[in-house]
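Undergrad: Give me the fold of what follows.
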Amino acid sequence: MHFFNVIGGNGTETYKIRIYQKARFDMIKERMSFKFQNALKKTGNELWITSRSIIAYAASVETIEEIEVPNLPENAPQQGELKLLKDALQSPGKSEVTGEIFKVSPLKYRQEGSLAVKSIMIKDTSSVAKVCLFNKNALSRFNVGDTVKVTNDYPKVFQTRIQLITCPTSSLNLSDEDFCFANLDPDFSEELEKTPEEIVLINFTDVDVYVCCDNAVCTDDSHCFCPSGLVGKCYFNIFDRSYSCVCGIAMETTAIVLTTKTTTTTATHQTSGKPCPFCDTDLNCVWNQTCSDSETCMVRAVLEQGFKFSVHCIMSSDCQLMSTKFGEIFCCDDRGCLERYLPGV
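TA: Below you'll find the model as predicted:
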C-alpha cells in the first residue's frame with residue numbers, strides 16, 4: 001500500500017491529507033493550491049485521497065498568518081504530539097497528554113493472568129478522558145489527585161465511549177473533584193476474578209500434538225504452504241512475539257454474479273464466518289476468505305515497526321492486544337468496518 005502525506009490549509013483550518021495516488025507525487029508542490037473531490041473524511045481534519053478521488057489545480061487559497069501548521073505524520077514526535085484531551089480523543093494519530101487523576105480502577109488481570117490492566121479517569125482544562133494502562137504502567141502507583149503525563153496514546157471506542165490506550169506515565173498533584181459517569185463503566189467495578197497464583201506442574205498424563213506447516217516462520221498467510229485441502233494461516237504469538245503457520249480446513253464459499261445496465265460485479269457470499277479479503281499493496285482486494293468465530297480480520301499497516309501491509313485472519317484477543325502496542329492495526333468483524341480502513345474497496 002503506497003501513499004504520501006501532505007499538510008494543507010484553507011482560511012483558518014489545516015488538514016492532514018494522505019494521498020494513495022503515488023503518480024501524483026511530483027504534481028503536488030508547496031505554495032500551490034489544489035482541489036480534491038471524492039475524498040474520504042477521516043477523524044478530525046484528516047482526508048484520504050484514493051484511486052476514486054480527483055485532484056485538480058485550483059485558484060490560490062489564502063490562509064491566516066497565525067495558522068498553526070501540524071507536523072507531517074512521519075515527522076511527529078516519537079512520544080506523540082502534545083495535545084489537550086479533547087483533541088487527543090479525536091486524533092487519528094498518537095498523542096501526548098497531561099491530566100489530573102480523579103478516578104482509579106482496581107488492578108485486573110486478563111489473558112489468563114498474563115496481562116495486567118488498570119484504568120484511570122483524568123481531566124485537563126478542555127475535557128475528561130478514560131485512560132487504559134497495561135502491564136508495567138498498570139502496576140505503577142497512581143492516586144487520585146496525581147497529575148500524570150501519558151505518551152503514545154491512541155483513541156479507541158469502548159461501550160460507545162471514546163477512551164485512550166496508553167504507554168508510559170509520570171508526575172504528581174492533587175484534586176478532590178469526581179465525575180459520576182465513571183461509576184457506569186464496568187472497568188471501575190470490583191474485580192470478580194481471582195488474582196492468578198503461580199503453580200508447578202510435575203506429572204503429565206496426556207499430551208496433544210499439533211501438526212504445523214513445514215514453513216514455520218511467516219509474516220502473512222501467503223507464506224504458509226499446506227497439504228492439499230488445507231489452508232495456511234499466519235498467527236502471531238503474543239507471548240514470545242513470534243509468527244508461525246497453522247494449517248486448517250478451508251471455508252466453503254459460493255460465487256454470485258450481479259449484473260446491471262452499466263457494470264458487471266462479482267460478489268462472494270460467505271456461508272459462515274467473518275469476511276476477510278485478500279489485498280495486495282495497491283488495495284486490489286478479493287473477498288475470498290472468512291475468519292472463524294474466535295478470529296477477527298486484521299488490517300495491518302505498521303510500516304514504522306518493519307511490518308508490511310497485510311489483511312488476514314488472526315485470533316481476536318491477539319489482534320486487540322497488538323492494536324494497543326502498534327500504530328495502524330485495525331480489528332474488524334464485518335465488511336463495514338473493513339471498508340472504513342481499506343479506502344476504495
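
Undergrad: Next one, pLDDT for the nearest residue to residue 73 once chain neighbours are set aside please.
TA: Excluding its sequence neighbours, the residue lying closest to residue 73 (C-beta to C-beta, 6 or more residues apart in numbering) is residue 5, at 5.4 Å. All C-beta spots, glycine's among them, are computed from the backbone N, C-alpha and C. Here the pLDDT value assigned to residue 5 is 91.

Undergrad: who are the neighbours in contact with residue 5?
TA: By C-beta atoms under 8 Å, 6 or more residues apart in numbering, the residues touching residue 5 are 16-19, 72-74.

Undergrad: By neighbour count, which of those residues wins?
TA: residue 19 (24 neighbours; other C-beta atoms under 10 Å).

Undergrad: Name whatever forms a beta bridge with it.
TA: Residue 19 forms beta bridges with residue 4, residue 49, as assigned by DSSP bridges.

Undergrad: Also residue 230?
TA: Beta-bridge pairing for residue 230 (DSSP bridges): residue 249.

Undergrad: Residue 95 too?
TA: Per DSSP bridges, the residues bridged to residue 95 are residue 81, residue 153.

Undergrad: coming back round to it: where strands are concerned, which of the contacts of residue 5 count?
TA: 16-19 (DSSP state E).

Undergrad: could I get the one helix or strand residue 132 maps to in PDB with only the CA atoms?
TA: In this structure, residue 132 is located in strand 128-134 according to DSSP states H and E. The C-alpha coordinates for strand 128-134 follow below in PDB (Å, rounded to 0.1, in the frame of the first residue of the first chain):
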ATOM      1  CA  VAL A 128     -12.100  14.400  30.800                       C
ATOM      2  CA  ALA A 129     -10.900  11.000  29.400                       C
ATOM      3  CA  LYS A 130     -10.700   7.400  30.500                       C
ATOM      4  CA  VAL A 131      -7.100   6.100  30.000                       C
ATOM      5  CA  CYS A 132      -6.300   2.300  29.900                       C
ATOM      6  CA  LEU A 133      -2.900   1.200  31.300                       C
ATOM      7  CA  PHE A 134      -1.300  -2.200  30.600                       C
END
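
Undergrad: Adjacent strands (with direction) for that strand?
TA: Strand 128-134 has these strand partners (DSSP bridges): strand 115-123 (antiparallel), strand 161-165 (parallel).

Undergrad: Quick one: distance of stretch 149-167 to the chain centre.
TA: Its chain's C-alpha centre and that of stretch 149-167 lie 11 Å apart, by C-alpha atoms, centre = their mean, to the nearest Å.

Undergrad: Could you check that stretch and say which residues are buried?
TA: Of all the residues in stretch 149-167, those buried under the rule 16 or more other C-beta atoms under 10 Å are 150-156, 163-167.

Undergrad: any idea of the mean pLDDT in it?
TA: Mean pLDDT, stretch 149-167: 83.

Undergrad: Alpha carbons of that stretch, in PDB - could you do that?
TA: Extracted in PDB, the C-alpha atoms of stretch 149-167 (Å, rounded to 0.1, in the frame of the first residue of the first chain):
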ATOM      1  CA  LYS A 149       1.800  12.500  31.600                       C
ATOM      2  CA  VAL A 150       0.700   9.900  29.100                       C
ATOM      3  CA  THR A 151       2.700   9.300  25.900                       C
ATOM      4  CA  ASN A 152       1.900   7.300  22.800                       C
ATOM      5  CA  ASP A 153      -1.800   7.100  23.400                       C
ATOM      6  CA  TYR A 154      -4.500   6.300  20.800                       C
ATOM      7  CA  PRO A 155      -8.300   6.900  20.900                       C
ATOM      8  CA  LYS A 156     -10.400   3.700  21.000                       C
ATOM      9  CA  VAL A 157     -14.200   3.200  21.300                       C
ATOM     10  CA  PHE A 158     -15.400   1.000  24.200                       C
ATOM     11  CA  GLN A 159     -19.100   0.600  25.000                       C
ATOM     12  CA  THR A 160     -19.900   3.600  22.800                       C
ATOM     13  CA  ARG A 161     -17.400   5.800  24.700                       C
ATOM     14  CA  ILE A 162     -14.100   7.000  23.400                       C
ATOM     15  CA  GLN A 163     -11.100   6.300  25.600                       C
ATOM     16  CA  LEU A 164      -7.300   6.500  25.300                       C
ATOM     17  CA  ILE A 165      -5.000   3.400  25.100                       C
ATOM     18  CA  THR A 166      -1.600   4.200  26.700                       C
ATOM     19  CA  CYS A 167       2.100   3.700  27.300                       C
END
